[in-house]
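**Q** Build me a structure from this.
(one chain, ligands or ions: 1)
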Amino acid sequence: MNEPTSEGRDALVIGAGGGIGAAMVEALLDDSSVRRVFAVSRDGQDADAQRHEVPCHLHCDHSDESIAAVVAELKAQEFSPGNIVITLGLLHDDDLQPEKAIERLNRDHLQQVLTVNTVLPALWLSALAPLLRRSERAVVACLSARVGSIGDNHLGGWYSYRASKAALNMMLKTAAVEFARRARGVKLIAFHPGTTDTRLSKPFQARVPEDKLFTPQFVAQSLLTQMQSASCDGQLSYVDWAGKTVPW
Ligand SMILES: NC(=O)c1ccc[n+]([C@@H]2O[C@H](COP(=O)([O-])OP(=O)(O)OC[C@H]3O[C@@H](n4cnc5c(N)ncnc54)[C@H](OP(=O)(O)O)[C@@H]3O)[C@@H](O)[C@H]2O)c1
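**A** The predicted model follows:
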């Protein structure tokens with residue numbers, strides 16, 4: 001029997017103000033099989049709406065109240081989940097840098113990185129679960145990273161970021177086990193985009209060969225293609241931009 005498709009259903013991008021998030025919104029808007037695109041970000045509301053002609057832009061500061069307000073708005077708009085992409089991620093900012101040595105660990109930085117990379121995506125998945133449970137087919141992709149692979153960790157360093165992505169993968173894996181019982185139409189993907197030319201990777205691009213530094217548009221299209229062909233098999237797929245499985 002043919003599986004249901006996401007055709008005619010809605011898309012949601014959480015983290016639409018980021019490089020990959022914005023490209024994802026564009027790719028979804030260009031896809032005629034997608035009914036509506038909802039784009040969630042912290043700010044840049046007007047600029048984003050104008051730049052991407054996003055029809056449904058929802059502001060969110062990712063507090064419990066703000067997440068609940070977005071979910072209520074989605075319900076009010078009879079959101080029918082087809083493709084959901086969570087692109088939240090933090091590697092560095094003005095005072096936070098990935099740690100090269102264990103002595104560099106800092107309580108506040110560790111907590112910030114874990115919050116953005118693990119806690120917020122998990123809270124979003126939790127808040128969206130009631131909507132997902134009713135869906136015949138919904139694919140939820142969360143931007144993870146290869147550095148979250150424990151088996152693939154040969155270089156070390158980047159303690160907080162690595163740990164936060166490994167923990168994100170475990171959150172998603174655990175949700176996949178639950179959804180296989182309680183929401184069989186849901187497919188979960190932990191996606192490694194490869195090094196992508198965004199503000200997150202800017203300080204670390206120097207040693208990346210030109211053909212291994214991807215545009216956000218290339219990565220967004222690759223993810224969308226994989227989401228659309230994914231089978232609702234009750235598993236978490238941990239895959240990269242080329243569709244190759246990443247080891248846990
Ligand atoms: N670029 C790469 O080479 C690369 C490689 C591997 C994995 N990734 C992953 O891909 C995802 C997207 O990253 P990107 O490259 O597009 O980076 P980006 O342009 O810096 O976007 C980061 C995203 O995270 C959100 N964010 C950052 N700090 C936040 C905070 N304190 N609170 C709430 N949200 C916050 C931003 O939200 P707003 O939308 O509200 O601005 C934005 O959507 C991340 O999960 C990242 O770890 C990227």
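
**Q** where's Ser237, which helix or strand?
**A** Assigned by DSSP states H and E, Ser237 belongs to strand 236-240.

**Q** Only the buried residues of that strand, if you could.
**A** By neighbour count on 16 or more other CB atoms under 10 Å, the buried set for strand 236-240 is 236-240. (Each C-beta comes from the backbone N, C-alpha and C, glycine too.)

**Q** For that strand, which outside residues touch it?
**A** Strand 236-240 is contacted by residues 144, 146, 149, 169, 172-173, 175-176, 187-194, 226, 230, 245-246, 248 when judged by CB atoms under 8 Å, 6 or more residues apart in numbering.

**Q** Extract the CA atoms of the helix or strand Gly21 falls within and return them as CSV.
**A** For Gly21, the host element (DSSP H and E) is helix 19-29. Taking Å, rounded to 0.1, in the frame of the first residue of the first chain, the C-alpha atoms of helix 19-29 are listed here in CSV:
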residue,chain,number,x,y,z
GLY,A,19,21.0,30.9,7.6
ILE,A,20,19.7,27.4,7.1
GLY,A,21,16.3,28.2,8.5
ALA,A,22,15.8,31.1,6.1
ALA,A,23,16.9,28.9,3.1
MET,A,24,14.5,26.2,4.3
VAL,A,25,11.6,28.7,4.3
GLU,A,26,12.5,29.7,0.8
ALA,A,27,12.7,26.1,-0.4
LEU,A,28,9.3,25.3,1.2
LEU,A,29,7.7,28.4,-0.4
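
**Q** For that helix, enumerate the helices and strands it packs against.
**A** Under the contact criterion of 3 or more CB pairs under 8 Å, 6 or more residues apart in numbering; DSSP states H and E, helix 19-29 touches strand 10-14, strand 37-41, helix 45-52, strand 81-86, helix 216-229.

**Q** now these as CSV including distance to the ligand, mean pLDDT and mean neighbour count?
**A** Converted to CSV, these look like this (distance: least, CB to the nearest ligand atom, whole Å; pLDDT from 0 to 100; neighbours: other CB atoms under 10 Å):
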stretch, distance to the ligand, mean pLDDT, mean neighbour count
strand 10-14, 8, 97, 27
strand 37-41, 3, 96, 26
helix 45-52, 8, 46, 14
strand 81-86, 8, 98, 26
helix 216-229, 7, 98, 19
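
**Q** Fine by me, thanks again.
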